[in-house]
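> When you get a sec, could you give me coordinates for this:
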Amino acid sequence: MSQHTILYIEDDLKLAQLVSNYLSNHGYIIEHFDSGCHACYQASSKKYDLILLDIGLGSEDGFEVFKELKQYQDTPIIFMTARQSQVDHITGLELGADDYLTKPVSPSILLARINNTIRRSQAVKPTSTTHNAHNIRFGSLSINTIQREAYLHSQPLELTSAEFEILIQLAQSAGQLVSRDQLFDGTIGRKYDGQSRTIDGRISRLRKKLGDEAVPAQKIVTVWGKGYIFSPQAWG
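Reported below is the predicted structural model:
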């Protein structure tokens, strides 16, 4: 089994050394940069399995570094920062970060979050016809996973971050059942409690934006009591 490689961007060199050593001892290959600029240059030509990113990088804004990284990579990104502001936390997740950790964080918790994020990102592989690794197309629907844009009949879809994540997860498993548990874990990041209707509400809103309002729905098909199936034949 090949080792996973992590791009680690942190300007606190003492902390970076401690984290790098810990993760290396647990089987990861770590490439550390203390500059977002240098890290983005590296990311433009090399694929990583995960990116661990600080927000406060001296004169650089970690949120802007995130946006630039997403131009080159569809790799999952975890923010790990000393910023405890709820606004920063929400901003990071709304940008599309896969997780947000506030320092100081237990090494074992960090390791568990990294393992879980990589496992989720590799659990579902695209089955649709794609122009490249970052574009998914089904007839009139096209999705760009790096730019985080979706188009229907060449018109941009105004999707929330949560709706976009659900669309990607369903489209990458087109024709296969995706359970409510999987959607909850993949888009919210925790186990389904058996009662929350959060996913159902998001699916309903997503269907409206996709013009999938027939009864029963044709594009995102409900399998009662089990989950949903993205129909690859329904897009014209």
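> Could I get the buried residue list for the helix or strand of the chain with the lowest mean pLDDT?
Among the helices and strands of the chain, helix 180-188 carries the lowest confidence by mean pLDDT, DSSP states H and E, at a mean of 79. The neighbour-count criterion (16 or more other C-beta atoms under 10 Å) identifies Arg180, Gln182, Leu183, Phe184, Asp185, Gly186, Thr187, Ile188 as the buried residues of helix 180-188. In this view, the C-beta of every residue, glycine as well, is placed from N, C-alpha and C.
> show me where the chain has helices.
13-25, 36-43, 62-72, 86-95, 107-123, 161-171, 180-188, 198-209 (DSSP state H).
> any idea of the mean pLDDT for the second one?
Along helix 36-43, the predicted confidence averages to a pLDDT of 90.
> now swap in stretch 109-126 and tell me
According to the model, stretch 109-126 has a mean pLDDT of 79.
> Report the contact partners of the residue nearest to Pro107 when sequence neighbours are not counted.
In space, and not counting its chain neighbours, Pro107 is closest to Tyr22: 4.9 Å by C-beta to C-beta, 6 or more residues apart in numbering. By C-beta atoms under 8 Å, 6 or more residues apart in numbering, the contact list for Tyr22 reads Pro107, Leu110, Leu111.
> about what we covered before: comparing the helices of the chain, which comes out most buried?
helix 161-171 (a mean of 20; mean count of other C-beta atoms under 10 Å).
> That one relative to helix 86-95, how many degrees between them?
30 degrees (axes from the mean of the first three to the mean of the last three C-alpha atoms, to 10 degrees).
> Show me how far helix 161-171 is from its chain's centre.
Distance, stretch centre to chain centre, for helix 161-171: 9 Å (C-alpha atoms, centre = their mean, to the nearest Å).
> Give the other helices and strands that that helix contacts.
helix 86-95, strand 135-138, strand 141-144, helix 180-188, helix 198-209, strand 227-230 (3 or more C-beta pairs under 8 Å, 6 or more residues apart in numbering; DSSP states H and E).
> Show me the shaky parts of this structure.
1-2, 123-133, 188-196, 236 (pLDDT under 70).
> excluding its backbone neighbours, what's nearest Gln71?
Closest to Gln71 by C-beta to C-beta, 6+ apart is Ile146, at 6.5 Å.
> Identify the residues contacting Gly227.
So Gly227 contacts Leu177, Val178, Ser179, Arg180, Asp181, Gln182, Leu183 (C-beta under 8 Å, 6+ apart).
> dump the residue contacts of the second one.
Spelled out, it's Val178. Contacts of Val178 (C-beta under 8 Å, 6+ apart): Gln169, Leu170, Gly227, Tyr228, Ile229, Phe230.
> pretty sure the last one contacts Gly175?
Right, Phe230. Yes: between Phe230 and Gly175 there is a contact at 7.2 Å, judged by C-beta atoms under 8 Å.
> more neighbours, the two?
Phe230 (25 against 11; other C-beta atoms under 10 Å).
> So which bits of stretch 73-90 are buried?
So, applying 16+ other C-beta under 10 Å, buried residues of stretch 73-90: Gln73, Thr75, Pro76, Ile77, Ile78, Phe79, Met80, Thr81, Arg83, Asp88, His89.
> Return the backbone torsion pair for Ser154.
phi 70, psi 10 (degrees, to the nearest 10).
> Count the neighbours of it for me.
Around Ser154 there are 7 residues (other C-beta under 10 Å).
> returning to that earlier point: ok, now how distant is the residue nearest to Pro107 from Arg119?
19 Å (C-beta to C-beta, to the nearest Å).
> which residue packs closest to Thr75, ignoring adjacent ones?
Using C-beta to C-beta, 6+ apart, the nearest residue to Thr75 is Tyr48, at 5.0 Å.
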